[in-house]
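1. got a sequence here, can you model it:
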Amino acid sequence: MKLLEEQRRLNWLRNYSDSIVKRLDSDDLTEGAAWELLTEAKLKILERFPNSDDEYHLIYERRFRRVLLRHGFALPLYDDTAIGN
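-> Model prediction:
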């Protein structure tokens, strides 16, 4: 049962992060809206996966940053003043 629950959590994470990427990739997203979206995303992900800040930074934040860079946004995502800190 524990393995099934972990698989559900990972499926949620994959689907949620994919939805964030799709929203970030929309042409009408402003830098401010992207910042708000990523703030909410980080909080939701770390709420479901507590004590996973490093993993979030290494995997999801970098993935989100690549999408932002394609649109010319260079938001500071990982430091003491960044999202969710």
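
2. give me the contact list for stretch 3-16.
-> 41, 44, 45, 48, 49 (CB atoms under 8 Å, 6 or more residues apart in numbering). C-beta coordinates here come from the backbone N, C-alpha and C atoms, glycine included.

3. list buried residues within these.
-> Buried residues within the contacts of stretch 3-16, counting neighbours by 16 or more other CB atoms under 10 Å: 41, 45, 49.

4. which single one of the residues you listed is nearest to residue 74?
-> residue 41 (17.7 Å; CB to CB).

5. these two touch, right, the closest one and residue 67?
-> No: applying CB atoms under 8 Å as the test, residue 41 and residue 67 come out as separate, 11.8 Å apart.

6. can you give me the helices in the chain?
-> 2-24, 31-48, 53-55, 62-70 (DSSP state H).

7. in JSON lines: these, plus mean pLDDT.
-> Output for the helices of the chain, formatted as JSON lines (pLDDT from 0 to 100):
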{"stretch": "helix 2-24", "mean pLDDT": "95"}
{"stretch": "helix 31-48", "mean pLDDT": "92"}
{"stretch": "helix 53-55", "mean pLDDT": "90"}
{"stretch": "helix 62-70", "mean pLDDT": "90"}
